[in-house]
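Enquirer: Show me how the following folds:
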Amino acid sequence: MTTRQPLTAHVHRSGTVLAAAITLVAAAVWAAHHGIQAANYGDDTGSRLAAVWIITFLLLLTQTIMYHCERPRRISPRARRQLDALHVAVLLPVYNEDEGYLRLGLESFLNQTRRPNSVHVVDDGSTSSDYAQVRAWWLRAARQAGITTTWQRTPNRGKRHAQATGVEASPCADVYVTVDSDSCLAPNAIEEILLPFANRRVQSVAGIVLATNHRTNLLTRVADLWFTTGQLTDRSALSSMGAVLVNSGPLAAYRAPVVRDNLDSYLNEWFMGRRVMFSDDSLLTLYALLRGRTVQQPSAIVFTALPEKASHFARMYMRWMRGSTIRSVWRMRYLPVTGWAYWAHLLRWFQVALSTTVLGWLLAVEPIVYGNLPPASFLLVPLLIGAAQGLRYLGVIRSDERMRHRAVTWFLTPLAVLVSWTALRVMRWWGMATCARTGWGTRQNGAEVSLTTEAAPALEATPAGSRVPLPDDTTLTIPVVKLLDPDTETTLQIAVPAR
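Expert: Purely as a prediction, here's the structure:
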């Protein structure tokens with residue numbers, strides 16, 4: 001039996017994409033100018049709107065240039081030898097995760113070009129499974145691969161405490177790599193995410209997160225487009241300044257002292273008299289920012305499961321917005337005013353406030369108070385800007401997807417922009433208003449996304465022709481590619497009878 005090829009991807013830099021993005025931004029400038037000229041606004045209102053659009057487009061143009069300046073870190077052979085000598089410990093908290101995704105992620109550690117020195121799995125009191133079979137398989141596979149590993153089960157106290165348990169199990173680590181229980185690392189992810197640490201000022205590194213289940217339905221397609229674009233525009237621009245504000249949970253790396261020295265405050269964050277249970281990644285990033293540079297490595301790729309239901313997505317997004325509000329308070333309080341991160345954070349909130357104010361003015365104040373409806377050309381502005389930024393999505397080349405399929409997703413940009421400017425904008429402000437609700441809110445009733453068409457992980461890490469011991473009464477679900485259409489697949493189930 002042949003082994004399945006692991007998922008891989010890389011971000012392609014293209015001058016054509018940059019030129020197209022600048023062209024679309026210029027078209028948005030023209031649309032805004034045309035709208036102001038065509039509208040029956042007074043001189044004062046028209047002048048103010050013109051000033052607002054000029055500022056907006058200057059910021060957009062600056063950001064576009066900045067995110068195209070981001071480059072994957074490359075190092076000398078001597079620096080690589082120094083990185084190879086570091087003890088890299090992976091922290092993997094688990095809570096009510098689907099066993100298929102958990103196995104897929106654990107196997108990706110075995111396939112790394114630079115394997116971690118240790119992996120520490122902490123089951124945070126899961127109620128949906130005890131993961132006995134996964135645990136037995138992983139302990140055996142890790143031992144054979146020469147990876148030191150621990151697997152502990154603790155009472156349910158939250159993700160931060162689970163990570164802290166892993167930190168206590170690896171007191172000699174030089175770098176901690178944090179992952180989620182549904183993270184599947186590309187084969188060179190750990191090798192690549194370590195490269196920026198050759199610069200001693202770098203304290204944390206973010207990876208690029210892509211969706212494993214991006215073609216499941218319309219929601220996962222749009223979410224993958226939105227998430228990927230955000231990482232390769234906003235976060236890439238911040239990375240060029242060494243001021244990434246939020247690392248991604250599915251893959252991030254920190255110098256060990258960043259985590260160990262702040263462990264007590266990390267486990268005891270309170271806001272408005274309530275313990276904060278979420279926004280752990282942004283808090284670790286804040287600790288790193290206070291010590292030096294925080295960057296993104298666009299060549300360090302991880303695949304993760306996105307919400308497949310609107311209710312799951314809404315709970316996740318509300319958690320992010322509440323956490324973002326709390327984290328903003330801490331950034332304003334603790335980040336030095338002389339650093340890029342402080343002003344980047346302030347500018348982000350300025351843009352949110354400005355865009356919301358302009359939107360409210362055009363859609364409410366002008367029609368109701370002055371009887372002026374906004375010109376249709378104004379509707380083109382956010383669509384053109386979204387299309388320009390969304391071009392970055394097309395720069396991601398995946399081993400499991402052809403470019404024409406990614407182009408289909410990119411054509412959903414107008415839908416993504418519409419949702420972002422309406423529903424997500426309302427949710428953002430509601431999240432700010434309800435930021436005192438600090439509970440986690442997902443996976444309380446078990447895994448919400450399941451991997452149902454993957455082969456058993458024990459087979460994937462085994463050379464072709466090898467014999468693999470299987471538990472009794474095992475059913476293997478194996479994807480089979482149809483010869484007439486390579487882009488579709490069916491499944492073959494093989495039941496192994498009890499012996």
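
Enquirer: quick one: low-confidence ranges for the chain?
Expert: Of all residues in the chain, those with pLDDT under 70 make up the ranges 1-4, 40, 42, 440-447, 452-499.

Enquirer: which strand in this protein runs the most residues?
Expert: strand 293-304 (DSSP state E).

Enquirer: got the buried residues for the helix or strand following that strand?
Expert: The helix or strand immediately downstream of strand 293-304 is helix 310-334, counting by DSSP states H and E. Applying a neighbour-count criterion of 16 or more other C-beta atoms under 10 Å, one finds 312-313, 315-328, 331 buried in helix 310-334. Placement of C-beta: from N, CA and C, glycine included.

Enquirer: before we move on, what about stretch 402-415?
Expert: Buried residues in stretch 402-415, counted by 16+ other C-beta under 10 Å: 406, 409-410, 412-413.

Enquirer: what's that stretch in contact with?
Expert: With contact meaning C-beta atoms under 8 Å, 6 or more residues apart in numbering, stretch 402-415 is reached by 214-215, 218, 221-222, 224-225, 383, 386-387, 390-391, 393-394, 396-398, 487.

Enquirer: Go again with 10 Å.
Expert: Outside of stretch 402-415, the residues within contact range by C-beta atoms under 10 Å, 6 or more residues apart in numbering are 214-215, 218, 220-222, 224-226, 228-229, 379, 382-398, 401, 416, 419, 486-487.

Enquirer: Which ones among the residues you listed lie within strands?
Expert: 396-398.

Enquirer: Separate out the buried members of these.
Expert: 396, 398.

Enquirer: Thr45: which of the ones in strands among the contacts of stretch 402-415 is nearest?
Expert: Minimum distance to Thr45 across these is 41.5 Å, recorded for Val396 (C-beta to C-beta).

Enquirer: Isn't the closest one up against Ile301?
Expert: Yes - counting by C-beta atoms under 10 Å, Ile301 is a contact partner of Val396 at 8.6 Å.

Enquirer: residues shared between the contacts of the two?
Expert: Taking C-beta under 10 Å, 6+ apart as the criterion, Val396 and Ile301 both touch 9-11, 208, 210.

Enquirer: among those residues, who's most crowded?
Expert: Ile208 (29 neighbours; other C-beta atoms under 10 Å).

Enquirer: Could you pull up phi and psi at that one?
Expert: In this entry, Ile208 is assigned phi and psi values of phi -100, psi 130 (degrees, to the nearest 10).

Enquirer: I'd assumed Thr229 was in contact with it.
Expert: No - using C-beta under 10 Å, Ile208 is not in contact with Thr229, being 11.5 Å away.

Enquirer: Give me the common contacts of the two.
Expert: For the pair Ile208 and Thr229, residues contacting each of them under the criterion C-beta under 10 Å, 6+ apart are Val396.

Enquirer: OK, contacts around Phe313?
Expert: If you count contacts by C-beta under 10 Å, 6+ apart, then Phe313 has 219-220, 222-223, 306-307, 424, 442, 448 around it.

Enquirer: Tell me how far the residue lying closest to Gly146 once chain neighbours are set aside lies from Asp224.
Expert: For Gly146, ignoring the flanking residues on the chain, the nearest one in space by C-beta to C-beta, 6 or more residues apart in numbering is Arg115 at 7.4 Å. Distance check for Arg115 against Asp224: by C-beta to C-beta, to the nearest Å, it reads 28 Å.

Enquirer: now do Leu424
Expert: 15 Å.

Enquirer: Comparing those two, which residue is more hemmed in?
Expert: Each of Leu424 and Asp224 had its neighbours counted (other C-beta under 10 Å), and the higher figure belongs to Asp224 (25 against 17).

Enquirer: check contacts around the more buried one.
Expert: 209-216, 306, 393, 396, 406, 409, 412, 416.

Enquirer: at 6 Å instead, please
Expert: Contacts here follow C-beta atoms under 6 Å, 6 or more residues apart in numbering; on that basis Asp224 touches 211, 214.

Enquirer: Also the one 4 residues further on?
Expert: Contacts for Thr228 were tallied using C-beta under 6 Å, 6+ apart; they are Tyr393.

Enquirer: same check, this time on Met318
Expert: Gly431.

Enquirer: quick one, helices of the stretch 101-250 of the chain?
Expert: In chain order, the stretch 101-250 of the chain shows helices spanning 132-145, 159-168, 189-194, 218-230, 236-239, with DSSP state H, counting those that start in this stretch as the criterion.

Enquirer: Now do the strands in the chain.
Expert: Counting by DSSP E, the chain has strands at residues 9-11, 88-94, 118-123, 148-153, 175-178, 184-185, 202-211, 252-255, 270-271, 274-275, 293-304, 396-398, 474-481, 489-496.

Enquirer: could you dump these to TSV with distance to His34?
Expert: What follows is those, written out as TSV (distance: least, C-beta to C-beta, whole Å):
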stretch	distance to His34
strand 9-11	35
strand 88-94	52
strand 118-123	57
strand 148-153	62
strand 175-178	48
strand 184-185	47
strand 202-211	37
strand 252-255	43
strand 270-271	45
strand 274-275	49
strand 293-304	36
strand 396-398	33
strand 474-481	50
strand 489-496	48
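
Enquirer: gap between Ser240 and Thr64?
Expert: Between Ser240 and Thr64 the distance is 12 Å, computed by C-beta to C-beta.

Enquirer: same question, Leu194
Expert: For Leu194, the distance to Thr64 - C-beta to C-beta - is 29 Å.
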